[in-house]
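> coords below, sequence missing:
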């Protein structure tokens, strides 16, 4: 089994984006991302540290805003509005899920889709589903496609099965695979066991994002398959694991590990989106 590691993919994205950053900086344009975190969730803080490190490596400026967990929705909306108007900020990332007092749809709707580098707005989703090139797809969904591209897996004419139908991964990666001329089956919590097995065994590529440890067992997989594991789960021993059972992964032609797979590409994609947003804003100003 070939291990599809994320680091080489992330490094390739970083190298290409850094060249674009240098070009933009030579024109007086400094790509900049603003992050908004509400509360002190350990996962959000860890992700924030990763974003800061990656931004520094790539020459991207970052502005961090941290609110207490009990702030009002009005204060958060006001900050989003301010970042929408700030021409020096090219991308905005809001750490989600937000505390329960917030209406998630209202918060997402408030963000200018041109600065939505994490693909949470309706405008960004419309861009994914129509293929217009506007906005940005969710970073993890794009990370899946970037990994397949990097390792030379052409989806044209291939059968792809996606496990999970979330707006963050399942649905957008389905559309992105369709755009690569794949034939896609999407499975979810209401898919019958018989269809689940058939869809799993008959696919060339499996992408799983259900958030359940060892969900994808060997009896759900076929032969010579490519498996992308997007799950991040508690392994019960203080570590993390993906959705794919080790026996299923070892039987595949190639599979991404957890950790060290798709997740490690996500932050690089986010930074690449910031650079693209900066380049687009420069064109709009001309």
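Arrived safely. Values in this document were obtained by computation on a predicted structure and should not be read as measured data.
> buried residues, the longest helix anywhere in the chain. List them.
Scanning the chain for the helix with the most residues, using DSSP state H, yields helix 263-285. For helix 263-285, the neighbour count (16 or more other C-beta atoms under 10 Å) marks 263-279, 281 as buried. Backbone N, C-alpha and C define where each C-beta goes, glycine included.
> what mean pLDDT does that helix have?
In this model, helix 263-285 carries a mean pLDDT of 91.
> cool, stretch 5-22 as well?
97.
> from the chain's centroid, how far away is it?
Centre-to-centre, stretch 5-22 and its host chain are 15 Å apart (C-alpha atoms, centre = their mean, to the nearest Å).
> same deal with stretch 120-137?
Centroid displacement of stretch 120-137 relative to its chain, using C-alpha atoms, centre = their mean, is 14 Å.
> distance between the ends of it?
8 Å (C-alpha to C-alpha, to the nearest Å).
> buried sites along that stretch?
Buried positions in stretch 120-137, judged by neighbour count with 16+ other C-beta under 10 Å: 120-121, 123-125, 127-128, 135-137.
> closest to residue 175 among those?
Comparing the buried residues of stretch 120-137 against residue 175 with C-beta to C-beta places residue 128 closest, at 5.6 Å.
> what angle sits between whichever strand or helix holds that closest one and helix 263-285?
Element membership for residue 128, per DSSP states H and E: helix 122-130. On the basis of axes from the mean of the first three to the mean of the last three C-alpha atoms, to 10 degrees, helix 122-130 is oriented at 100 degrees to helix 263-285.
> which other helices and strands does helix 122-130 contact?
helix 170-179 (3 or more C-beta pairs under 8 Å, 6 or more residues apart in numbering; DSSP states H and E).
> quick check: next helix or strand after the helix it packs on?
As assigned by DSSP H and E, the chain's next helix or strand after helix 170-179 is strand 183-187.
> and the average pLDDT for that next one is what?
98.
> just want the angle from it to helix 170-179.
With the same axes, to 10 degrees defining the directions, strand 183-187 sits at 170 degrees from helix 170-179.
> lowest pLDDT pick from the buried residues of stretch 120-137?
Within the set of the buried residues of stretch 120-137, pLDDT is lowest for residue 135 (87).
> and that one, helix, strand or coil?
For residue 135, the assignment made with DSSP: H, G, I helix; E, B strand; the rest coil gives coil.
> measure the residue nearest to it when sequence neighbours are not counted to residue 146 for me?
Residue nearest to residue 135 in three dimensions, not counting chain neighbours: residue 124, with 3.3 Å by C-beta to C-beta, 6 or more residues apart in numbering. As defined by C-beta to C-beta, to the nearest Å, residue 124 lies at a distance of 17 Å from residue 146.
> residue 3 now?
17 Å.
> tell me which of the two has more neighbours.
residue 146 (22 against 12; other C-beta atoms under 10 Å).
> helices of the stretch 51-200 of the chain, start to end?
All helices of the stretch 51-200 of the chain, identified by DSSP state H, counting those that start in this stretch, fall at 73-85, 104-110, 122-130, 139-150, 170-179, 193-201.
> for the longest helix of the chain, packing partners?
With contacts defined as 3+ C-beta pairs under 8 Å, 6+ apart, the packing partners of helix 263-285 are helix 7-26, strand 32-38, helix 42-58, strand 91-94, helix 139-150.
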